[in-house]
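Q: Mind looking at a prediction? Sequence and model below.
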Amino acid sequence: FLQKALMDPRTRELSLHSFLIKPIQRICKYPLLFRNLISQTSKDHPDYEPLSAASSKIEEAVTYINEAKRRAEQLSKIYELQSTISGIKDLVAPSRWFLKEGPAKLLGTRTQILNVFLFNDLVLITRLRGIISGKYKLRATLILAETKLVLHAA
């Protein structure tokens, strides 16, 4: 069905996803439209208050949509990491946010480069298993709520 629909000239070769995302994209443009309408409407006009109220509600909806999109992207990244790091299970957690990743050199060694994944509640220390595979092996897990950092003066 989808292949047949894709070939229909009325769809302009757009995928189903393209059609499903259209309403979301339109809603995200409404705040600009409402701001423009409000700026062109005098404060004593009977439509001014309803326009302002509608603008406020649209802003709330857009904020919600953007937050849901950001969370979905976060979840996708965490699922991706869970599949590329061997030795880790249940990386996905409701309140977990991925923050950053980067290389780290293990002190006292010349060549051991590790890769660190920072989340809001834990740190994963990994080692690259193979450049081609892009897979990592878990070396250590630091649960931040249970970790104490002690700095010594140099």
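A: Looks like it came in fine.
Q: Sheet-wise, list the partners of the helix or strand where L118 lies with their directions.
A: In this structure, L118 sits in strand 113-119 according to DSSP states H and E. Note on strand 113-119: by DSSP bridges, its sheet partners are strand 98-105 (antiparallel), strand 122-130 (antiparallel).
Q: Show me which positions of the shortest one end up buried.
A: The neighbour-count check on strand 98-105 (16 or more other C-beta atoms under 10 Å) flags F98 as buried. In short, each C-beta sits where N, CA and C put it, glycine included.
Q: Now find how far off-centre that strand is within its chain.
A: 17 Å (C-alpha atoms, centre = their mean, to the nearest Å).
Q: Identify all contacting residues around that strand.
A: 74, 77-78, 81, 112-120, 125 (C-beta atoms under 8 Å, 6 or more residues apart in numbering).
Q: Just the buried residues of those residues.
A: Using 16+ other C-beta under 10 Å, the buried ones in these are 74, 78, 81, 114-119, 125.
Q: sec struct for the most far-flung residue of the chain relative to its centre, please.
A: For the chain, the largest distance from the centre (C-alpha atoms, centre = their mean) belongs to D44, which lies 42.4 Å off. The three-state assignment at D44 reads coil, by DSSP: H, G, I helix; E, B strand; the rest coil.
Q: Which pLDDT value goes with it?
A: D44 carries a pLDDT score of 96 in this model.
Q: Quick one: residues contacting K77.
A: F98 are the contacts of K77 under C-beta under 8 Å, 6+ apart.
Q: Redo the strands paired with strand 113-119 as JSON lines? Include distance to I38 and mean pLDDT.
A: As requested, those are arranged in JSON lines below (distance: least, C-beta to C-beta, whole Å; pLDDT from 0 to 100):
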{"stretch": "strand 98-105", "distance to I38": "38", "mean pLDDT": "92"}
{"stretch": "strand 122-130", "distance to I38": "46", "mean pLDDT": "90"}
